[in-house]
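Colleague: Sequence unavailable; structure follows:
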Ligand SMILES: NC(=O)c1ccc[n+]([C@@H]2O[C@H](COP(=O)([O-])OP(=O)(O)OC[C@H]3O[C@@H](n4cnc5c(N)ncnc54)[C@H](O)[C@@H]3O)[C@@H](O)[C@H]2O)c1
């Protein structure tokens, strides 16, 4: 096949998550959307067919049996990621798997084994704030050595993630829900990318203290140490009382009252979460919107919250336009171009997989990278359970050239 031939992609799971990458897949000339699978929302399949002219299937198995499909983009709920990826690998399909790669180390290993057996390409990390243009720009400054060596990273986020409409699997830890399984990859991928990838150990506590969300953690505080001794603190509070947007000069949290109202309604059992979530999903009128989200607010870099990187002779933090660099001359705001505007751009991930398939280029965010990120998630939960430092075993470095 010609090295520039269009890649025929099938999408598994046409929910809210799919609305983030569908515009990228639709826009890139290297990609053709040919099929989709969704087992619960036939109306989304009809919307897909009328928009792209492809085939809609009621199961991931049927999608993977379609000979036209070359690669499957998996965006089903977390508890199905491993099973769906193994089905795709066994059918000889290349895979782009949303975070997390699996919800246990054993699941991640099974995916890795299936992919290695079948010889397909798997992109299992990325699609987080870790691949945003801001994060790339910060890494470039670190790698240039202009501020001296990397010494510490601190990332603290406060959001209302737990107060948005959620399906049980999004907020139930036993099904891969809660902030550790759902949100931590944004911080972990960013931190691992900036620090070189190799996390040595994790000590963490998780918190689950709100009655409106009894089944999954809405908080974690983690201390990570890289192999070279660089320390990292990562904190996430998703209960929605305080929002860290208030801490940046370009931000203002205008959502206190609506979140308080939502919290009261949830406690009174008056929120129809299925209907709220449905409004955000592919093929629904509010497609792609976050209910109760940030549409009316200035943008701040993703789910990272307060984010400060310390080097030997300076600090870096993200700004609205790019990043502030504090060094021996004072402070400057360096612009970072954002090709896709404030939204999530997934061009680099799509092209990473495309180039791996068509030109056999090595993947950065391969199965081993995805498993290493999932290992940090698992270690946060495990450390909190055991109240001990967890030593990691599956870490891989950022490959040269990235
Ligand atoms: N920025 C991000 O990284 C980001 C944002 C949102 C969602 N996501 C990821 O997307 C995934 C889905 O989350 P969501 O918020 O879109 O949930 P969702 O409920 O909106 O979407 C899931 C979709 O999959 C379908 N589905 C459920 N079970 C299925 C099955 N067994 N086979 C086929 N289809 C099935 C559902 O009908 C639904 O349309 C999660 O893994 C989540 O982590 C990532």
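Modeller: Everything's here; your move. Computed from a predicted model, the values in this text were never measured in an experiment.
Colleague: give the contact list for residue 25.
Modeller: Residues in contact with residue 25 (Cβ atoms under 8 Å, 6 or more residues apart in numbering) are 9, 11, 31, 33, 73, 350. The way it works is simple: take the backbone N, C-alpha and C, and place the C-beta from them, glycine included.
Colleague: Point out the residues in this structure that sit beside the ligand.
Modeller: Counting by Cβ under 6 Å from any ligand atom, the chain comes close to the ligand at 12-17, 20, 37-41, 44, 60, 75-78, 80, 98-99, 127-128, 167, 182, 277, 281.
Colleague: Pick out the residue of this structure closest to the ligand.
Modeller: residue 15 (1.7 Å; Cβ to the nearest ligand atom).
Colleague: partners of the helix or strand encompassing residue 206 in the sheet?
Modeller: Per DSSP states H and E: residue 206 is located in strand 199-207. According to DSSP bridges, strand 199-207 has the following sheet partners: strand 219-226 (antiparallel), strand 390-391 (antiparallel).
Colleague: Give me the buried positions along that strand.
Modeller: For strand 199-207, the neighbour count (16 or more other Cβ atoms under 10 Å) marks 199, 201-204, 206-207 as buried.
Colleague: just stretch 148-168 next, same as before
Modeller: Of the residues in stretch 148-168, those buried (16+ other Cβ under 10 Å) are 150-151, 153-167.
Colleague: Then stretch 37-52?
Modeller: For stretch 37-52, by 16+ other Cβ under 10 Å, it's 37-39, 41, 44-45, 47-48, 52.
Colleague: of all those residues, which two lie farthest apart?
Modeller: By the measure Cβ to Cβ, 39 and 52 form the most distant pair in the buried residues of stretch 37-52, at 19.0 Å.
Colleague: name the helices or strands packed onto whichever strand or helix holds residue 84?
Modeller: Residue 84 is part of helix 81-90 when elements are defined by DSSP H and E. In terms of contacts (3 or more Cβ pairs under 8 Å, 6 or more residues apart in numbering; DSSP states H and E), helix 81-90 is packed against helix 60-65, strand 71-74, strand 94-97, helix 105-118.
Colleague: Could you tell me the angle between it and helix 105-118?
Modeller: 10 degrees (axes from the mean of the first three to the mean of the last three Cα atoms, to 10 degrees).
Colleague: Report the rounded mean pLDDT for helix 81-90.
Modeller: Averaging pLDDT along helix 81-90 gives 98.
Colleague: Which residue ranges of this structure form helices?
Modeller: 16-27, 42-52, 60-65, 81-90, 105-118, 133-144, 168-171, 178-182, 184-195, 256-267, 273-278, 347-359, 367-386 (DSSP state H).
Colleague: May I ask which helix or strand of this protein has the lowest mean pLDDT?
Modeller: Ranked by mean pLDDT, DSSP states H and E, the weakest helix or strand in the chain is helix 16-27, scoring a mean of 90.
Colleague: Could you list everything the closest residue to residue 153 other than its chain neighbours pairs with in the sheet?
Modeller: Spatial nearest neighbour of residue 153, excluding adjacent residues (Cβ to Cβ, 6 or more residues apart in numbering): residue 232 at 4.6 Å. Going by DSSP bridges, residue 232 is paired in beta bridges with residue 153, residue 224.
Colleague: contacting residues for residue 232?
Modeller: Residue 232 neighbours (Cβ under 8 Å, 6+ apart): 152-155, 191, 195, 199, 222-226.
Colleague: so what pLDDT did it get?
Modeller: On the pLDDT scale, residue 232 gets 98.
Colleague: what does residue 245 give?
Modeller: 85.
Colleague: That one reaches residue 256, doesn't it?
Modeller: No. Using Cβ atoms under 8 Å, residue 245 is not in contact with residue 256; the gap is 11.1 Å.
Colleague: What is the neighbour count of the spatially closest residue to residue 70 that is not a sequence neighbour?
Modeller: Distances taken as Cβ to Cβ, 6+ apart place residue 8 nearest to residue 70, at 4.7 Å, with adjacent residues excluded. With neighbours defined by other Cβ atoms under 10 Å, the count for residue 8 comes to 17.
Colleague: Pick out the residue nearest the middle of this structure.
Modeller: For the chain, the residue nearest the mean C-alpha position is residue 128 (3.6 Å; Cα atoms, centre = their mean).
Colleague: Contact partners for that residue?
Modeller: 99, 185-186, 189-190.
Colleague: measure the residue lying farthest from the centre of the chain to residue 311 for me?
Modeller: Most distant residue from the mean C-alpha position of the chain: residue 329, 35.6 Å away (Cα atoms, centre = their mean). Going from residue 329 to residue 311 by Cβ to Cβ, to the nearest Å gives 14 Å.
Colleague: TSV for the helices and strands packed on helix 81-90, including mean pLDDT?
Modeller: Listed next are the helices and strands packed on helix 81-90 as TSV, based on pLDDT from 0 to 100:
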stretch	mean pLDDT
helix 60-65	98
strand 71-74	98
strand 94-97	97
helix 105-118	98
